[in-house]
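Participant: Quick check, what structure comes out for this input:
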Amino acid sequence: MSQSPVTRRAGEQWTDSDGIHIEVRGLEAPQPFVQIIKLVEALAVASPIVVHHNRDPVPLYAELAQRGWSAQQVPGDPGEFRLRLVKDA
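Facilitator: Below you'll find the predicted structure:
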């Protein structure tokens, strides 16, 4: 018996084996951007962040770079744009 995928609320955060996840699909602009930057700035220890978005958040990349973070697209669910954010060494 297969499990159905868990439905997350817009803005929800959770921790999994690959890092801290944040669901920003369904949030009105600029909230996805704001929520991601708030999470990056709130971390005391630079843990990887997995962003669940509905599109490529191009303006986010320059802001992340200024804070010493980089982003890489990773496989996600159909219709999802998923990013893995990591603190640069």
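
Participant: who does the residue nearest to residue 12 when sequence neighbours are not counted bridge with?
Facilitator: Once flanking residues are discounted, residue 12 sits nearest to residue 23: 4.8 Å by Cβ to Cβ, 6 or more residues apart in numbering. For glycine as for every other residue, the C-beta is placed from the backbone atoms N, C-alpha and C. Counting by DSSP bridges, residue 23 forms beta bridges with residue 52.

Participant: okay but residue 23 is in contact with residue 7, surely?
Facilitator: No - Residue 23 lies out of contact with residue 7 (Cβ atoms under 8 Å); the separation is 9.4 Å.

Participant: From residue 89, how far off is the residue nearest to residue 13 when sequence neighbours are not counted?
Facilitator: In space, residue 13 comes closest to residue 22 once its chain neighbours are excluded; the distance is 5.0 Å by Cβ to Cβ, 6+ apart. Distance of residue 22 to residue 89, given as Cβ to Cβ, to the nearest Å: 22 Å.

Participant: swap in residue 46?
Facilitator: Going from residue 46 to residue 89 by Cβ to Cβ gives 10 Å.

Participant: Repeat that for residue 59.
Facilitator: Residue 59 is 24 Å from residue 89, by Cβ to Cβ.

Participant: likewise residue 67?
Facilitator: Per Cβ to Cβ, residue 67 is found 14 Å from residue 89.

Participant: swap in residue 8?
Facilitator: For residue 8, the distance to residue 89 equals 30 Å [Cβ to Cβ].

Participant: So those two - more neighbours on which side?
Facilitator: Applying other Cβ atoms under 10 Å to residue 8 and residue 89 shows that residue 8 carries more neighbours, namely 16 against 6.
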